[in-house]
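1. return a 3D structure for these sequence lines:
(chains A and B)
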Amino acid sequence: MIEDSSTSYRATAVRNGAAVENFAVDLDRGLGNPPRLPEIMIKANVNLTAVLEIKQLRKSYRTPEGEVKPVVSIDEFELHAGAQLGLRGESGSGKTTFLNLIAGIVKPDGGSIALHGQEITSLSEGRRDRLRATVLGCVYQSFNLLQGYTCLENVLLAMAFGPGQEKAFATTLLERVGLSHRLSYYPRQLSVGQQQRVAVARALANRPKLVLADEPTGNLDPVHASETLTLLREACAEQGAALLLVSHDEGILSAFDNVADFRELNCIQYVKVL
Amino acid sequence: MIVFFIVYKSLKQYAVSTLVSAVAIALAGGLLMAVWVMRQESNKTFTSVTGGFDAVLGARSSKLQLVLNAIFHLEDSPGNIGPADVEQAKNNPNIELALPIAVGDNFKGYRLIGTTEDLFDRVEYAPGKKYSFQSGGKRFTEGEKEAVVGSFAAKQLGLELGDTFHPFHGLQYDETKQHAETYRVVGIFEPTSTPADRVIWIPLQGIQKMSGHDPKAATDVSAVLIKLKQSNPMSGFQLDMLYNRRGNRLTFAWPIGSILAKLFDKIAWFDKILAFVSYLIVVVASASILASIYNSMNERRREIAILRALGARRITVFGAFVLESAAIAAIGMVFAFGIYTIIVIVASSIIREQTGVVINPAEFHPVMVVAPLGIVGLAALCGVFPAIKAYRTDVASSMAPQS
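-> Residues are numbered from 1 along each chain as shown, chains lettered A, B, ... in the order given. Purely as a prediction, here's the structure:
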């Protein structure tokens, strides 16, 4: 539900450009985490670059019966640099497809996706792979760590596809997520909570502009879930990465200042998120 | 290059299947190289075994039988030739040396060869090499019951200087057919790496007059080993004409090397089958790499998807699989040289035991370069199939959470 923008700092989706003048106040109060962009810049609407800009995005699948089933239909969606948004989405709502579209793993039927200013729908697959490695970080429900690689190697491997391996930074990231004593452990030797923390470190390995998180706490118990969520949000903020987190868990979403509902996003005309 | 790291990690992660496939390649590659080298080397070695002679003169029979009997000490004797023929050969101006031999007895399966003292004085078993004794040994004296033993036979029989033994009748050992005579070992030859290492030499009359042998044949011999006069290049042709074309009682087997070469030609089909089988084993082993990687593809689908999601290109993933397959083969080929060494040592010791001929397995052969390269290439080719599957892996569906 997109709430009334004048009263709540969570009310981030703005219809048809209305109530734009309220957002600076909201930002200051709501985004408790860095980056704390200077108010004046926001007010002047200068340098607020969108890390993600989506227009007229369409994706449908063909069912085995031959019917065409629309999955994603988003007219406009924008996420600014450093912003954090919780996206409420039930399973089967197309949220994973939406994230895959942003990641360039799935090709849309139509529309445009600009990732850090780069239109990805017209890029070759190789260029999309490269962009994914340099601009995006991903955290998944099932962690998706490589079992044959140690914690450090998992992070370093992600770096290898991006700008290059920086062992010192990889170590720093793992220290940040509290795993400096587990660098040479294999995923199977870690608890699920620790595994997801490795995944967080890996997502940030290439200093991404945007981190996509798909039910990142779905496999964790509530205590670890909230710890991991806090870590993910703080770490993204520290690294200057925007965070787009999809979940169906209200407990998780309630931690976000900005929450949008994917079902509404998927059909409403215009959603703007700070 | 990150792809090498990915391959290394994958080999390690699937260490058991890596090892099994590598062992299969090692066995196949080792066998292939061993078959190649052994057939070439044995061909080369056997056709050069002459015992220092150019030809064999014997009863009318096949030349091959004569050579195998008189030079390799393997076949039965085709029959006897009389003393007149021996004398005639000795006096033939084309013949440098005619050494009569008589066979028909053995000691525990090792042949007794009766011959004259010319063996010690005039025979060079290899160019410039005469038979020499191990320390303390001496030649037999004609007319005495004395024996000189080849080095391999002495070792296998445990015979030492001064030992005595009773020969057995026939070329095959039959313990019921023991002769009454007692022979004393007076000398043991140094190893020659020829079939002569496997026989026991006694004076010619010893065989001829052994108790129980037909007294009417007491002056016959089994064959005459012949060294041609080098001064006449036509001597071999002339003797061939004399014995084989105009005569019909005797066979003149000449030249020894080409008779053996004809044998190898005749059994070349066997060679080809052996080579074919070893190629087949290599193909099967390479296919086993393919199978083992292909079987693990379901397991790996998720890993491929993760790599791709992290930004790995399709071609990187493809290359990793081809390289992994080639790497398994390369590891296997390192071990293959060990397998090869074992096979040729076993095979050449069997050949030595059976024939006395020593084959040098340390000889370098081009196949030792060609086979590893070929097998690694073949394995890389096999890796293309799982690599295509990896290349086509759909990231989105392969990444879906497992429940």
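
2. hmm, residue B:212 is touching residue B:179, no?
-> Yes - if you go by CB atoms under 8 Å, residue B:212 and residue B:179 touch, sitting 6.6 Å apart. Just so you know, the C-beta spots here come from the backbone N, C-alpha and C atoms, and that holds for glycine as well.

3. which of those two has more neighbours?
-> residue B:179 (19 against 12; other CB atoms under 10 Å in any protein chain shown).

4. wait, the more buried one sits on residue B:167?
-> Yes - applying CB under 8 Å as the test, residue B:179 and residue B:167 come out as touching, 4.8 Å apart.

5. shared neighbours of these two, which are they?
-> B:105, B:210 (CB atoms under 8 Å, 6 or more residues apart in numbering or on different chains).

6. quick check: longest strand of chain B.
-> Determined from DSSP state E, the single longest strand within chain B is strand B:95-107.

7. dump that strand to PDB, keeping only the CA atoms.
-> Extracted in PDB, the C-alpha atoms of strand B:95-107 (Å, rounded to 0.1, in the frame of the first residue of the first chain):
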ATOM      1  CA  ILE B  95      80.900 -70.800 -46.000                       C
ATOM      2  CA  GLU B  96      83.100 -69.200 -43.400                       C
ATOM      3  CA  LEU B  97      81.900 -71.200 -40.500                       C
ATOM      4  CA  ALA B  98      79.500 -74.200 -40.300                       C
ATOM      5  CA  LEU B  99      78.600 -75.000 -36.700                       C
ATOM      6  CA  PRO B 100      76.600 -78.200 -36.300                       C
ATOM      7  CA  ILE B 101      74.000 -78.400 -33.500                       C
ATOM      8  CA  ALA B 102      72.000 -81.300 -32.100                       C
ATOM      9  CA  VAL B 103      68.900 -80.900 -30.100                       C
ATOM     10  CA  GLY B 104      66.500 -83.400 -28.400                       C
ATOM     11  CA  ASP B 105      67.200 -83.200 -24.700                       C
ATOM     12  CA  ASN B 106      66.400 -80.800 -22.000                       C
ATOM     13  CA  PHE B 107      67.000 -80.200 -18.300                       C
END
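
8. check which helices and strands that strand sits against.
-> For strand B:95-107, the packing partners by 3 or more CB pairs under 8 Å, 6 or more residues apart in numbering or on different chains; DSSP states H and E come out as helix B:83-91, strand B:110-115, helix B:118-121, strand B:168-169, helix B:204-208, strand B:223-228.

9. quick one: name the residues of chain B near chain A.
-> Contacts of chain B with chain A, taken as CB under 8 Å from any CB of the partner chain, map to B:2, B:5-6, B:9-10, B:12-13, B:302-303, B:306-315, B:395-396, B:399-402.

10. and the helices in chain A, which stretches?
-> Counting by DSSP state H, chain A has these helices, from start to end: A:23-30, A:39-44, A:95-103, A:125-135, A:151-161, A:167-176, A:192-203, A:222-239, A:250-253, A:262-265.

11. redo those as TSV? Include distance to chain B and mean pLDDT.
-> Output for the helices of chain A, formatted as TSV (distance: least, CB to the nearest CB, whole Å; pLDDT from 0 to 100):
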stretch	distance to chain B	mean pLDDT
helix A:23-30	31	39
helix A:39-44	32	33
helix A:95-103	5	91
helix A:125-135	2	91
helix A:151-161	3	94
helix A:167-176	13	93
helix A:192-203	8	93
helix A:222-239	16	90
helix A:250-253	16	90
helix A:262-265	17	82
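
12. tell me which of the ones you listed lies nearest to residue B:35.
-> Ranking the helices of chain A by proximity to residue B:35 (CB to CB) places helix A:151-161 first, at 42.9 Å.

13. that closest one to helix A:167-176, inter-axis angle?
-> 130 degrees (axes from the mean of the first three to the mean of the last three CA atoms, to 10 degrees).

14. which other residues reach helix A:151-161?
-> Applying CB under 8 Å, 6+ apart, the set of residues contacting helix A:151-161 from outside is A:129-130, A:133, A:145-146, A:149, A:165-167, A:169-171, A:173-174, A:179, A:182-187, A:190, A:198, A:201-203, A:205-206, B:2, B:5-6, B:9, B:307, B:310-312.

15. fine by me, we can end here.
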